[in-house]
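Colleague: Give me a model of this one.
(chains A and B)
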Amino acid sequence: MPTRIGVPFLSRRRDNPSDPTVPGASPTRLSPLSHGLDEAAEGSSPSVLKKSSASPARTGFSRFSPHRSAGDADVASGLYLATSRAAAIAAAATVSSTRPTVVQPQRPWRKLLYIKQEYPDDYVDDTFLMELQKNANVRMYDYSTVVIQTTVITQHLSSIMIFISVFINLYRGSLTGKTLVWCSSISTVLGFVFWDILNMYLRTPEQRIVRLNLIKGAMLFALLLFGLSPILRTLTEDTSRDTIWAMTVIFFGVNLAFHDYSTGNLTNIRFPGSVSLNAAVLASVLLASQLNNNLSVFAFLSFALKWFALFPIFRRYLKRISDAASMATTMVLALMATALFMYINKAVALLHIFSSLFITFVCPLWLIWVQRYKNEIHGPWDEARPIVHRYFH
Amino acid sequence: MPKRALNVCMVSDFFYPSMGGVESHLYNNAQCLMQRGHKVVIVTHAYGSRQGVRYLAGGLKVYYMPAVIVYSNASLPTFFGTFPIFRQIFIREQIDIVHGHQAFSTFCHEAILHARSMGLKTVFTDHSLLGFADASGILLNKLLKFTLSDVHHAICVSHTSKENTVLRAALDPQQVSVIPNAIIAEQFEPDLGARDPNWITIVVLSRLVYRKGIDLLVVAVPRICQLYPRVRFVIGGDGPKRIDLEQMRERFMLQDRVELLGSVKAADVRSVLVRGDIFLNTSLTEAFCIAIVEAASCGLLVVSTKVGGIPEVLPRYMITFAAPEEDDIVEALSQAIAGVHDRPNHPELSPQHFHSQVKKMYSWHNVAERTERVYQQIIDIEEPPLIERFRRYYGCGLVAGKIFCLIAAIDFLIGALLAWLWPKEHIELAQPFASEKYQRIVNENRLRHHH
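Modeller: Have a look, this model is predicted:
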């Protein structure tokens, strides 16, 4: 009996299930009680020859059963019916250990509850866990596929790095609010133009999204943000700068953790993507409150919203239409983040390069390697998935 | 070995007044064990105003312990908080064996832990199946491993459930017995007059939740109604999926052919069952499924999904199996409907024969007898040294093993503290139930009613 999934005791059995079975045994006997009593008598009456083997009766006795020994075969009490049957065999075997002994044939055990069987309740049959399936629907990963899939993570990591470097430049004054507003607006318009061109090619007229309402909404939003920027600028005046930096790091961590990497959702943002977006906006507001003029705050926050709400949708779209374009974007973003940080802090820039390389090339290898420890168990106890066709719907 | 009268304490969060498979198992098993000469007390948590010590029929003593309920009747895990009260109960009632029921029950786990700290014998019965994939399954399996690594014997209600439990708790399968559930067959007798001969009635009785496969029911009902104009459905039970059934009934205009009864009281189950010809069970997972046994006992042909322990429960001439798939259920129901027409030609398929067969298959007396056998088997096992208990807990996992050892050690120390604070000798022992007096009063009352 081969050992299966950490159940090494399967090889130990109390009864020897491969007892030679001979026809002619009293087939009508149903009550385990009467059987246990009969068994004592039949243990010595010759009906079939069998080489003596006391071991199967003994090997199964586990740590808790000191009383289940061969000498304790008090069968008449009828308490350990078939257990005592094994004990009776063992007793017979010890008495006449050299000559062949005689045992009663037994009907094979069946995995049924409605029949009374000649086996004890704790009997373990050879068919035990037969229906167990291990790693039945595990998908083995292909290295190149996993490498391509990791780009979504490195892209997002790079985009956060770029965002932080933009803030540092604003904070240091090497980038003005005006420049940022122009840059972000132009790139947003470019993005939408690109999107619309693709829409023309890829979608039918009904599927095209009307931009007019979107433009109206964006204008309103921009004005509101512009009006609020003096308030946002002074929002955390009383909070220590260290606290702001620490909280920003935490919120970007949350953003990274909850970002919607998997779904190809292009229209709306759902949980957990919403958590990610909220964390990013909160971090941006905290950072913006450290800036020193209203225009910078406005520029930074509008950039933040475009960067964390719209840009991921664009990236997902790009990934859907072409893997190569997505790869190229990843490269551009990673290089951009590194280049921007080179002027700020070389160590961070190097760290970013290494972590990106690690995520892209080492983590897939790691994932494939740990696949060997995959231990997925399926069996009849699993909750079935209902299959519904809904012909009428 | 001479038979010994034992004092057994059954512990579970799930007991009357709540209703279900575990509850009826506890009650009936306790009653039958008491008839066999043992003393049984049941410990559960307080249900609303039902608190303190209560006696049920036959002198079955039930402790309704105060507890905070967190989720679907399971109490808040306190680890050590319940130790003093459990210790008092175990000593007062001179308990030999603590028998916990159901893996979802916090009380069961805590009682077994404390009983082990006090050196009592423990048995655990698992009533349900659990997968290995989801987070709750993983967590609960770890907890089960903790409890079961130091339990003397485990009992499962079906062979599939045994396989599941052995895998979940990494147990030695020889320490796990299979003792099925049962029914009181006398309460589920067929009644040929109750059914409407103009219709073939399909009865469904279950909680209307996802796990009972109500999605399958929702799609199968209109198809069967379309295929067979003389077939109608009676659906009992309540739950979140009831809305789906109501929508289906509206959409296909089946108001006259699909009757939704809402929740059915335990006492009314038979009167609903006997109205039908076919019983349909669409469960997605089931360790034993008492419902199909009750239905077969009432003489209904059973159609059921082939999941969990269900294939072990009834012989093939009583049950038609289906995969948990829409087409297959419709197919199986069609077979059963043909079977209803064919039934008068086969005396062995008559409702009365079904009933007498089920009566032979399942009885609580048999369950109690087999449970008693487990008790007698463990009662004289020597108590292993404390270090051996730690060794068993330690093997539960790299991190979990150490935590489990810690918990067991703290529990043991609390046990020692409690033994010092309230010495065993100072705890008053419970008076044995005056069963003779009780019997006399019951008989007198009965006579008075007759006069």
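
Colleague: How many residues are close by whatever residue of the stretch 51-200 of chain A ends up closest to chain B?
Modeller: Closest to chain B within the stretch 51-200 of chain A is A:Asp121: 3.8 Å, counting by C-beta to the nearest C-beta. Glycine gets a C-beta too; all of them are placed from N, C-alpha and C. Neighbours of A:Asp121 under the rule other C-beta atoms under 10 Å in any protein chain shown: 23.

Colleague: Okay, and it sits in which element?
Modeller: A:Asp121 is part of no helix or strand, with elements assigned from DSSP states H and E.

Colleague: what sits against it?
Modeller: Counting by C-beta atoms under 8 Å, 6 or more residues apart in numbering or on different chains, A:Asp121 makes contact with B:155, B:177-179, B:370, B:373-374.

Colleague: What residues does the stretch 51-200 of chain B have near chain A?
Modeller: B:129-133, B:152-153, B:155, B:158-161, B:163-164, B:166-167, B:170, B:172-180 (C-beta under 8 Å from any C-beta of the partner chain).

Colleague: Which positions in the stretch 251-393 of chain A make contact with chain B?
Modeller: The stretch 251-393 of chain A has residues A:376-377, A:379-392 near chain B, with proximity defined as C-beta under 8 Å from any C-beta.

Colleague: contacting residues around residue 234?
Modeller: Here I'm looking at chain A. If you count contacts by C-beta under 8 Å, 6+ apart, A:Thr234 has them with A:Ser289.

Colleague: think we crossed wires, I meant chain B
Modeller: B:201-204, B:259, B:261, B:272, B:275-276.

Colleague: So which of the residues of the stretch 251-393 of chain A next to chain B wins on neighbours?
Modeller: Ranked by neighbour count (other C-beta under 10 Å), those have A:Trp381 at the top, with 28 neighbours.

Colleague: May I have the phi/psi pair for the residue lying closest to B:Lys121 once chain neighbours are set aside?
Modeller: Closest residue to B:Lys121 apart from its sequence neighbours, by C-beta to C-beta, 6 or more residues apart in numbering or on different chains: B:Ile97 at 4.6 Å. Dihedral pair for B:Ile97: phi -130, psi 130, per degrees, to the nearest 10.

Colleague: Relative to chain B, how far out is A:Ala347?
Modeller: In this view, A:Ala347 and chain B are 35 Å apart by C-beta to the nearest C-beta, to the nearest Å.

Colleague: State the number of residues packed around that residue.
Modeller: Residues within reach of A:Ala347, counting by other C-beta under 10 Å, total 9.

Colleague: Chain A: helices as residue ranges?
Modeller: Secondary structure of chain A, counting by DSSP state H: helices at A:32-42, A:55-59, A:81-95, A:143-172, A:177-202, A:212-233, A:241-258, A:273-288, A:294-305, A:311-321, A:323-342, A:346-357, A:363-370.

Colleague: Please produce JSON lines containing those, extended by distance to A:Leu132 and mean pLDDT.
Modeller: Output for the helices of chain A, formatted as JSON lines (distance: least, C-beta to C-beta, whole Å; pLDDT from 0 to 100):
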{"stretch": "helix A:32-42", "distance to A:Leu132": "28", "mean pLDDT": "38"}
{"stretch": "helix A:55-59", "distance to A:Leu132": "22", "mean pLDDT": "38"}
{"stretch": "helix A:81-95", "distance to A:Leu132": "25", "mean pLDDT": "45"}
{"stretch": "helix A:143-172", "distance to A:Leu132": "29", "mean pLDDT": "93"}
{"stretch": "helix A:177-202", "distance to A:Leu132": "47", "mean pLDDT": "86"}
{"stretch": "helix A:212-233", "distance to A:Leu132": "55", "mean pLDDT": "88"}
{"stretch": "helix A:241-258", "distance to A:Leu132": "35", "mean pLDDT": "94"}
{"stretch": "helix A:273-288", "distance to A:Leu132": "38", "mean pLDDT": "93"}
{"stretch": "helix A:294-305", "distance to A:Leu132": "52", "mean pLDDT": "93"}
{"stretch": "helix A:311-321", "distance to A:Leu132": "39", "mean pLDDT": "85"}
{"stretch": "helix A:323-342", "distance to A:Leu132": "39", "mean pLDDT": "92"}
{"stretch": "helix A:346-357", "distance to A:Leu132": "41", "mean pLDDT": "94"}
{"stretch": "helix A:363-370", "distance to A:Leu132": "22", "mean pLDDT": "93"}
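
Colleague: quick one: contacts for B:Glu348?
Modeller: Contact analysis of B:Glu348 by C-beta under 8 Å, 6+ apart lists B:Tyr317.

Colleague: and it, helix, strand or coil?
Modeller: Recorded secondary structure, B:Glu348: helix (DSSP: H, G, I helix; E, B strand; the rest coil).

Colleague: Just want to check the distance between it and chain A.
Modeller: Plainly put, B:Glu348 is 15 Å away from chain A if you go by C-beta to the nearest C-beta.

Colleague: ok, now B:Glu369?
Modeller: To chain A, B:Glu369 is 9 Å away according to C-beta to the nearest C-beta.

Colleague: Could you do B:Asn445 as well?
Modeller: B:Asn445 is 36 Å from chain A, by C-beta to the nearest C-beta.

Colleague: Secondary structure of that residue: a strand, I assume?
Modeller: No: judged by three-state DSSP, B:Asn445 forms no part of a strand; its state is helix.

Colleague: For chain B, what's the nearest residue on the stretch 151-300 of chain A?
Modeller: Nearest to chain B, among the residues of the stretch 151-300 of chain A, is A:Pro272, at 15.4 Å (C-beta to the nearest C-beta).

Colleague: Tell me, how many residues neighbour the nearest residue to that residue once chain neighbours are set aside?
Modeller: Excluding its sequence neighbours, the residue lying closest to A:Pro272 (C-beta to C-beta, 6+ apart) is A:Phe258, at 4.3 Å. Neighbour count for A:Phe258, taken as other C-beta under 10 Å: 18.

Colleague: residues contacting A:Phe258?
Modeller: By C-beta under 8 Å, 6+ apart, A:Phe258 lies in contact with A:272-273, A:275-276, A:279.

Colleague: Can you check the pLDDT for A:Phe271?
Modeller: For A:Phe271, the model assigns a pLDDT of 74.
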